[in-house]
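Peer 1: A structural model of the following input is requested.
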Amino acid sequence: MARISLTRLCLQEEDHELEEVRCKHGFVLPLLTSWTPRNPSRRYWGCPYYGARSCDFWLWKDDYIDPRSKFVIPKLLGRIAELEHSV
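Peer 2: Just a heads-up that it's a prediction; the model follows:
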């Protein structure tokens with residue numbers, strides 16, 4: 001039986017989920033998710049000092065959100081909120 005190295009399997013360089021992104025402050029930035037109507041479920045990195053201390057670091061991970069998703073996702077989130085409120 002062949003042995004599988006889980007470390008090697010889980011830490012492959014081409015795994016984009018493991019990207020380490022740093023801002024000019026040197027912070028390793030978490031990958032966040034936008035839930036705004038214009039960018040629903042779009043993923044990004046942003047410095048915690050964005051908009052303050054003259055930091056302008058902001059980077060989208062996703063290049064594009066299709067128009068259908070921009071229409072459907074906010075409606076689904078609204079429906080979930082309605083259902084949770086009625087319980």
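
Peer 1: And for the top helix by length along the chain, what's in contact with it?
Peer 2: Scanning the chain for the longest helix, with DSSP state H as the assignment, gives helix 67-86. Defining contact as Cβ atoms under 8 Å, 6 or more residues apart in numbering, one finds that helix 67-86 is touched by 35, 37-41. Any C-beta I mention is one placed from the backbone N, CA and C, and that applies to glycine too.

Peer 1: neighbour-wise, which of these leads?
Peer 2: Pro40 (19 neighbours; other Cβ atoms under 10 Å).

Peer 1: confidence score at that one?
Peer 2: Note on Pro40: pLDDT of 83.

Peer 1: what sits against it?
Peer 2: When contacts are counted by Cβ under 8 Å, 6+ apart, Pro40 touches 34, 65, 69-70, 73-74, 77.

Peer 1: Turn the contacts of helix 67-86 into a markdown table, columns for distance to Arg22.
Peer 2: Formatted as a markdown table, the contacts of helix 67-86 follow (distance: Cβ to Cβ, whole Å):
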| residue | distance to Arg22 |
| --- | --- |
| Trp35 | 24 |
| Pro37 | 30 |
| Arg38 | 26 |
| Asn39 | 23 |
| Pro40 | 27 |
| Ser41 | 24 |
